[in-house]
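K.L.:
Any chance you can model this:
(chains A and B)
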Amino acid sequence: MAGWLAKQRIVAQPGFNRWLVPPAALAIHLSIGMAYGLSVFWLPLSRAIGITAPAAGDWKVSTLGWTFSLGIVFLGLSAAVFGRWLEREGPRKAGVVAAFCWGGGFAIGALAVHLHNIWLLYLGLGIIGGCGLGLGYISPVSTLIKWFPDRRGMATGMAIMGFGGGAMIGSPLANILMNHFKTAASVGVEETFLTMGAIYFVAMLCGAFGYRLPPPGWQPAGWTAPPQANAMITKRQVHVDQAWRTPQFWMLWVVLCMNVSAGIGVINMASPMLQEVFGGRLAGAIGTLKDLSDAQKVQVATIGAGFAALLSLFNIAGRFFWASLSDYLGRKRTYFIFFSLGFVLYALAPTAGAAGSVPLFVAIFCVILTMYGGGFATIPAYLADMFGVVHVGAIHGRLLTAWSTAGVLGPVLVNYLREYQIGHGVPAAQAYNTTMYILAGLLVAGFVANLMVRPVAERYFMTDAQLAEVR
Amino acid sequence: MTRRWVTVVVAWALVGIPLCWGVYKTLQTAVKLFR
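P.N.:
Numbering: from 1, shown residues only, chains lettered A, B, ... in the order given. As a prediction, this is how the structure comes out:
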């Protein structure tokens, strides 16, 4: 078994089609992407004892929500800690371990529901599952970049698009399964966890066993590496232990953290913001949400859910679109667009709200969400351009701590600011304005950090002897 | 050569079909914004 997983065993035979690698990566990313859809379980789990309504001893939705937060924190931590191990042992072994962690996390989650033990749920889906997220997320990155030296952005964009799309499959599937398994004595989550854990385990194993590494010196047929005309794309290599000592690493850390913080902030408040800013107008009535009838409130909430769904579509489309476009524009220019266009759009959103233009408001946030997804998908190629491909998976893993940070920073900033303003008498419809300006300020910080990214200094590159040792 | 491409098409279908289903289900929710 260990031999099947070894890095040396997965070097592709002559004639291998490189287009088999992206679906293998997608199988893993579509599985772990369900992390974003875990909230679909919280409401049924909040009445696991009472079944029809929450009873004494039932978990609160806010208590269950910590499972997701733990998952994202452990995603960043495990990617940072195990990235170097991944580069040494190869993507297949990492993918298999990720399958055990993510699939096993669901199985432990099922046991936690059976025993009604919240700490076991945190351990299973949050901590162990989170490690599966981190390992699964970074497992295909360097492999894809090596197979697609001519289209680095597009290749990693395809995989990372899968992470955005995982919840689109997982959430409706979970609803179908919970409806199938629920009985008078059960909400059906335990059985759904077991079923989905098994599906993800098999899908991720298929993905991991689909990984192949290109032979040393392999290049796409008919393609030759361009001469060193672009100083922002190095042909040399930086070791992962040196990379985090460079200013470039920390500039890119700030770039990712600011882009994600602003985006997560918007995702969290998108649906309530639309409802509170436009109020009754969404239901063809006059007045704020408080003035509406129960039927109109349901109608407005449905429209809010539609808005959130539309944003998720633009989020995954942006991952592929912007990452692919970055192959032609260059990474620095792509992030220049994210931050400058993003700044304008964030600053314009309150005006669109004040003008009462729903289409303009929706369009602004759709474009913003493409750039949020694009930021995730373009960063691996940016790292490969700056630090080379040998340790890019491990370097990417360490950079993902920026995501963990943003996962806390973005929602805290948005929620705190909103409550602070409402507490000081600002009407709910206007409470988002200052937040949007502050999120635009985060983008300015990202813009400056991106502007400061320069080619890596000579002293950080690996020597030929060090490279030979790694290979 | 053709057999290799068949494998590629099958591999893409295995991940593409679930993804298209997910996008379709999401679109069903998203259209409520425009009704």
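K.L.:
do you know how far the closest residue to A:S78 other than its chain neighbours is from chain B?
P.N.:
Using C-beta to C-beta, 6 or more residues apart in numbering or on different chains and skipping residues adjacent in sequence, the residue nearest A:S78 is A:G134, 3.3 Å away. Where you see a C-beta, it was placed from the backbone N, CA and C, and this is true even at glycine. Per C-beta to the nearest C-beta, to the nearest Å, A:G134 is found 21 Å from chain B.
K.L.:
Please, where are all the helices along the stretch 201-350 of chain A?
P.N.:
For the stretch 201-350 of chain A, the helices defined by DSSP state H, counting those that start in this stretch occupy A:240-243, A:247-278, A:294-329, A:331-355.
K.L.:
hey, which of these is tucked in deepest?
P.N.:
Neighbour counts (mean count of other C-beta atoms under 10 Å in any protein chain shown) averaged over each of the helices of the stretch 201-350 of chain A peak at helix A:247-278, with a mean of 23.
K.L.:
Determine the number of other residues adjacent to A:P14.
P.N.:
Close neighbours of A:P14, defined as other C-beta atoms under 10 Å in any protein chain shown, add up to 6.
K.L.:
Need the three-state assignment for it.
P.N.:
coil (DSSP: H, G, I helix; E, B strand; the rest coil).
K.L.:
Next, the buried residues of the helix or strand where A:W119 lies.
P.N.:
Counting by DSSP states H and E, the element that carries A:W119 is helix A:118-121. Buried positions in helix A:118-121, judged by neighbour count with 16 or more other C-beta atoms under 10 Å in any protein chain shown: A:118, A:120-121.
K.L.:
Now narrow the residues you listed to whatever sits close to chain B.
P.N.:
Among the buried residues of helix A:118-121, no residue is within reach of chain B (C-beta under 8 Å from any C-beta of the partner chain).
K.L.:
neighbours of the residue nearest to A:S78, just the number please.
P.N.:
31.
K.L.:
my guess is it contacts A:F82, does it?
P.N.:
Yes. In this structure A:G134 lies within contact range of A:F82 using C-beta atoms under 8 Å: 6.9 Å.
K.L.:
Residues that sit against both of these two, list them.
P.N.:
Common neighbours of A:G134 and A:F82, counting by C-beta atoms under 8 Å, 6 or more residues apart in numbering or on different chains, are A:G397.
K.L.:
Quickly note the distance from A:I10 to A:L213.
P.N.:
Separation of A:I10 from A:L213 (C-beta to C-beta, to the nearest Å) stands at 5 Å.
K.L.:
How about A:R92?
P.N.:
A:R92 is 9 Å from A:L213, where distance means C-beta to C-beta.
K.L.:
between those two, which one's more packed in?
P.N.:
Taking other C-beta under 10 Å, A:R92 and A:L213 do not tie; A:R92 has more neighbours (25 against 21).
K.L.:
residue contacts, that one?
P.N.:
Neighbours of A:R92 in contact, by C-beta under 8 Å, 6+ apart: A:4-5, A:7, A:9-10, A:208-209, A:211.
K.L.:
same check, this time on A:L194
P.N.:
A:106-107, A:110.
K.L.:
Ok, B:G22 next?
P.N.:
Taking C-beta under 8 Å, 6+ apart as the test, what B:G22 contacts is A:165, A:168-170, A:172.
K.L.:
among these, which are within reach of chain B?
P.N.:
Answer for these near chain B (C-beta under 8 Å from any C-beta): A:165, A:168-170, A:172.
K.L.:
and the residue nearest to A:S78, what helix or strand is that in?
P.N.:
A:G134 belongs to helix A:129-138, assigned by DSSP H and E.
K.L.:
okay, the next helix or strand after that helix in CSV with CA atoms only?
P.N.:
Next in sequence after helix A:129-138, counting helices and strands by DSSP H and E, comes helix A:141-147. What follows is helix A:141-147, C-alpha atoms only, in CSV (Å, rounded to 0.1, in the frame of the first residue of the first chain):
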residue,chain,number,x,y,z
VAL,A,141,-1.4,22.8,-6.5
SER,A,142,2.3,22.2,-7.3
THR,A,143,1.4,19.1,-9.4
LEU,A,144,-1.0,21.2,-11.6
ILE,A,145,1.6,24.0,-11.9
LYS,A,146,4.2,21.5,-13.1
TRP,A,147,1.8,20.0,-15.7
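K.L.:
after helix A:141-147 comes which helix or strand?
P.N.:
helix A:152-181.
K.L.:
For the residue located most distally from the centre of chain A, what are phi and psi?
P.N.:
Here chain A reaches farthest from its C-alpha mean at A:I286, the gap being 38.3 Å by C-alpha atoms, centre = their mean. Per-residue torsions, A:I286: phi -110, psi 140 (degrees, to the nearest 10).
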